[in-house]
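Build me a structure from this.
(chains A and B)
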Amino acid sequence: MKLRFLLSLLFIITQVGLISYARFTPVRFFCWAPYDIHNSFEATATINNTFYDSKQLEERYNYKMKGWEQRSIYNVFLLIERYESTYGRHDDVDVKVVYSINGHPEDVWQYQHVGKKTE
Amino acid sequence: MTFLRRPFKFEGTAMQPNILLMCKLLTLMLIYQGFFDKLIDPFIPFIPWLDVFNTVPGVFKVSVRVLFISATVALFFNYWVRTASFVLGCIVILSQVASIPNYYNHVFVCGCALFLAGLTHRTQPPYFLILQLAVIYFGASLNKILDPDWWSGAFMHNWLLNARGNVFYTVMSPFFPDKVFAKFLSVMAIGTELLIAILLLFKRYRTFAVWFIIVFHTLLFTITTIRFGHFLESLAIILIGFLNWPKEDLVVSYKTGSLVRFRKVIKFLNFDGQIIFKEGLNEEKTMIAYTKNDTEVLNFNAIKDILLYSPGFYLFLFFFDVIIRYLFDFNWKYLFTINTVSVWILILFFLPFSTNILNALIFKTKKASR
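Alright, predicted model coming up:
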């Protein structure tokens, strides 16, 4: 009984903590902020000297790379960064995301890194 | 035979019947929405060490899938229901943590509800489930309050006009100066979500909060035509857990020869046989009645409660929705119209003020025609 109560309480407190944490980062995960931002965006990339359009990037990241993103655009940036710094760490990457937050003027986000080549 | 009926039994387990019903429906909905196929090996996980499982591909996927099937079978056949629900909740949450591209709020909310339902006690109200909803609305409203684009109407204008080409907004907004209509909708959304979060915390106002949730989300659906993934139906199912389910059998008296079809339907929908009909009501203006906390509940009030306390009623609504989606998959306009009309009819029927109108319309009309 006591353990169940403590687990439930801890679960709720964790979520409150994550909601508070979201105040200090533009990324919005686990903080109950769905459909609070609407971004139009398109990602393209050059990977190992080969051009990737948004459709090809969608297969790489397993997530849409063009259209409307109904959560923070920084969620998409995090996804790309995480992929490229782990699974894609051996590739030479230059990813560009053209985006507009809530209809504001377009901006560009870029992620570049030179792959750690294995012998 | 008795074993095969167990998925339709909700009484006599370690969970409150409505909480068990909620868990079974949430699981059923997750399966229907293809959640099982989304149980995959970690892919860009939130917690990097989960990538350890990728050293042997398939181990994580097979393990969670086997666990998911086992917990689902246990839950549906009423074995260790709380543990099963807890495990299902953990699997859903783990699936979200294990993959950034697979993270969705409408899936996470199901995981939270299953997780907390597994920790409830049969004799106590699901306090933490209530707190969970309050946290959701608090988080949602806080994020909006602190975003200048919500106050300027930029978000609402961009979402409804540019992204959705929403008919309602396109028609209404030209009647107002610069984004005033967008600002109005934004403030209404922020205010409602904050109000729901606060009202949920007070027992006295919880019923209001539940009605606010139902009407707010149905309005959103009516205006935007979207279900926000399966957030809308998840929320509706979670609200079943908020019902004050009767602890004993419900003995309902009815006037001889009245409501024959209704009684037949209820006998079919009430799988646990918790609603018992007794003939012999002699009051002139009363067709059907039962006693709740020493108060007589009459006619349409009784009919509403009987429906609300029949697990089969929710299963019927669930499968009605599934069948309608399947039948009208080819034309979203038909589907949307049927969905909207049926939900608003249900809301109008169950709204407290409709009881007097319905009683006057149905019961008194019948009396006059005799």
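
From now on I want contacts and neighbour counts done on CA atoms only, so please keep to that.
Noted.

Now do the strands in chain A.
A:39-47, A:50-52, A:66-69, A:93-101, A:107-113 (DSSP state E).

Could you look up the next helix or strand downstream of the helix or strand encompassing residue B:318?
Secondary structure from DSSP states H and E places residue B:318 in helix B:311-327. Sequence order places helix B:332-350 as the next helix or strand after helix B:311-327, per DSSP H and E.

now that following helix and helix B:311-327, what's the angle there?
Interaxial angle, helix B:332-350 versus helix B:311-327 (axes from the mean of the first three to the mean of the last three C-alpha atoms, to 10 degrees): 160 degrees.

how about helix B:332-350: buried residues?
B:335-336, B:339-340, B:343, B:347, B:349-350 (16 or more other C-alpha atoms under 10 Å in any protein chain shown).

can you list the strands of chain A in TSV and add distance to chain B, mean neighbour count and mean pLDDT?
Shown next, in TSV, are the strands of chain A (distance: least, C-alpha to the nearest C-alpha, whole Å; neighbours: other C-alpha atoms under 10 Å in any protein chain shown; pLDDT from 0 to 100):
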stretch	distance to chain B	mean neighbour count	mean pLDDT
strand A:39-47	8	21	95
strand A:50-52	19	13	95
strand A:66-69	7	18	94
strand A:93-101	8	20	96
strand A:107-113	16	13	94
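
CA atoms only: put the helix holding residue B:318 into PDB for me.
Provided in PDB are the C-alpha atoms of helix B:311-327 (Å, rounded to 0.1, in the frame of the first residue of the first chain):
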ATOM      1  CA  PRO B 311     -19.700  -1.700 -19.000                       C
ATOM      2  CA  GLY B 312     -21.200  -2.900 -22.200                       C
ATOM      3  CA  PHE B 313     -22.300   0.700 -23.000                       C
ATOM      4  CA  TYR B 314     -18.700   1.800 -23.300                       C
ATOM      5  CA  LEU B 315     -17.700  -1.300 -25.300                       C
ATOM      6  CA  PHE B 316     -20.600  -0.500 -27.600                       C
ATOM      7  CA  LEU B 317     -19.400   3.100 -28.000                       C
ATOM      8  CA  PHE B 318     -15.800   1.900 -28.600                       C
ATOM      9  CA  PHE B 319     -16.800  -0.600 -31.300                       C
ATOM     10  CA  PHE B 320     -19.300   1.800 -32.800                       C
ATOM     11  CA  ASP B 321     -16.400   4.300 -33.300                       C
ATOM     12  CA  VAL B 322     -14.200   1.500 -34.800                       C
ATOM     13  CA  ILE B 323     -16.900   0.300 -37.200                       C
ATOM     14  CA  ILE B 324     -17.800   3.800 -38.300                       C
ATOM     15  CA  ARG B 325     -14.200   4.600 -39.000                       C
ATOM     16  CA  TYR B 326     -13.900   1.400 -41.000                       C
ATOM     17  CA  LEU B 327     -17.100   2.000 -43.000                       C
END
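
ok so, going back, for the buried residues of helix B:332-350, which one is nearest residue B:221?
residue B:340 (7.9 Å; C-alpha to C-alpha).

tell me, how many neighbours does the residue found closest to that closest one once you drop the neighbours it is linked to in the chain end up with?
Leaving aside its chain neighbours, residue B:340 sits nearest to residue B:222 (6.3 Å; criterion: C-alpha to C-alpha, 6 or more residues apart in numbering or on different chains). Using other C-alpha atoms under 10 Å in any protein chain shown, residue B:222 has 19 other residues around it.

what domains does the record give for chain B?
Segmentation of chain B into domains, based on automatic domain parsing, reads B:2-117, B:127-244, B:247-370.

any idea how far residue A:33 is from the residue nearest the centre of chain B?
Centroid-nearest residue in chain B, with C-alpha atoms, centre = their mean: residue B:236, separated by 1.5 Å. To residue A:33, residue B:236 is 19 Å away according to C-alpha to C-alpha, to the nearest Å.

Next up, the contacts around residue A:39.
A:68-73, A:99-103 (C-alpha atoms under 8 Å, 6 or more residues apart in numbering or on different chains).
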